[in-house]
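**Q** can't give you the sequence, but here's the structure:
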């Protein structure tokens, strides 16, 4: 059972373009995290959102938690090659689950 | 600070062999976790520990055992390896309370079972 569904699974864009990736669930989470993972390395935490409707910004990355705390989105403005990686969402509650990830490639 | 370290980085086992993966953290974190990552499956929790001397099952615990004899170390054991256990294994740690879900990961161990 996959509690967190991420879309799209793969995304390839040109440098400078904007993009949004989504993390959806039928479950309510007390908090939701976004991680980025580069090849051969472990995931690195980007942000935590805890309040329904919360928006957080990290430079060119904007994270939003859905009002019902069941979904989240990550928007990247003017993508750069350094943004390339696997983006994972994760939800906490009684247990902790990861989504399957969105693999982003930014072409110079 | 080294953060979370894992040994070994790579290992090849034959079916039926046993091995132990070691995870160490120097951040004084209470919680520690073992995950496996497979293509298209994301990260799945194998076992976790909420403190020294305590362990609990995660989503996919079968075929694995763990021990947390010291706060800074979390061991993952495979008693009789199977090809289905070929995967990349990640250890993570976190604080307690409201920071419980903010996990810090090690670099991973790539295990191949032939």
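**A** Happy to help now that I have it. Just so you know, these numbers come straight off a predicted model, no measurement behind them.
**Q** who in chain A is up against chain B?
**A** Neighbours of chain B within chain A, by C-beta under 8 Å from any C-beta of the partner chain: A:2, A:4, A:30-31, A:33, A:40-45, A:48, A:50, A:88, A:90, A:92, A:95-101. Placement of C-beta: from N, CA and C, glycine included.
**Q** One more pass at 6 Å, please.
**A** Within chain A, the positions near chain B by C-beta under 6 Å from any C-beta of the partner chain are A:31, A:33, A:41-43, A:45, A:48, A:92, A:98-101.
**Q** Quick check, residue A:72 in contact with residue A:23.
**A** Yes. Under the criterion of C-beta atoms under 6 Å, residue A:72 makes contact with residue A:23 at 4.6 Å.
**Q** Compare these two (neighbour count), which wins?
**A** A direct count of neighbours by other C-beta atoms under 10 Å in any protein chain shown for residue A:72 and residue A:23 places residue A:23 higher, at 29 against 26.
**Q** show me what contacts that one?
**A** A:4, A:6, A:72, A:89, A:99 (C-beta atoms under 6 Å, 6 or more residues apart in numbering or on different chains).
**Q** let's go with 10 Å and repeat that
**A** By C-beta atoms under 10 Å, 6 or more residues apart in numbering or on different chains, the contact set of residue A:23 is A:4-7, A:29, A:32-34, A:63, A:65-66, A:70-74, A:87-91, A:99-102.
**Q** Can I have the buried ones of those as a ChimeraX selection?
**A** Here is the ChimeraX command that picks out the buried ones among those, judged by 16 or more other C-beta atoms under 10 Å in any protein chain shown:
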select /A:4,6,29,32,33,34,63,65,66,70,71,72,73,74,87,88,89,90,91,99,100,101,102
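**Q** Apart from its chain neighbours, what residue comes closest to residue A:98?
**A** residue B:43 (4.0 Å; C-beta to C-beta, 6 or more residues apart in numbering or on different chains).
**Q** Correct me if wrong: the one you found contacts residue B:88.
**A** Yes. Counting by C-beta atoms under 10 Å, residue B:43 does reach residue B:88; the two are 9.4 Å apart.
**Q** intersection of neighbour lists for the two?
**A** Common neighbours of residue B:43 and residue B:88 (C-beta under 10 Å, 6+ apart) are A:42, B:35-37.
**Q** From those residues, pick the one nearest residue B:20.
**A** residue B:36 (15.2 Å; C-beta to C-beta).
**Q** residues near the closest one, how many?
**A** Residue B:36 - counted by other C-beta under 10 Å - has 24 other residues nearby.
**Q** where does chain A have its least confident helix or strand?
**A** strand A:96-98 (a mean of 85; mean pLDDT, DSSP states H and E).
**Q** Give me the sheet partners of that one and which way each runs.
**A** strand A:85-92 (antiparallel) (DSSP bridges).
**Q** which stretches of the chain have low pLDDT?
**A** Defaulting to chain A. For chain A, the stretches flagged by pLDDT under 70 are A:1-2, A:93-94.
**Q** right idea, wrong chain: chain B
**A** For chain B (pLDDT under 70), the answer is B:98.
**Q** the longest strand in it is where?
**A** strand B:42-51 (DSSP state E).
**Q** helices or strands up against that strand?
**A** Here strand B:42-51 is seen to pack against strand A:85-92, strand A:96-98, strand B:31-38, strand B:54-57, strand B:65-67, strand B:73-78, strand B:87-94 when contacts are counted using 3 or more C-beta pairs under 10 Å, 6 or more residues apart in numbering or on different chains; DSSP states H and E.
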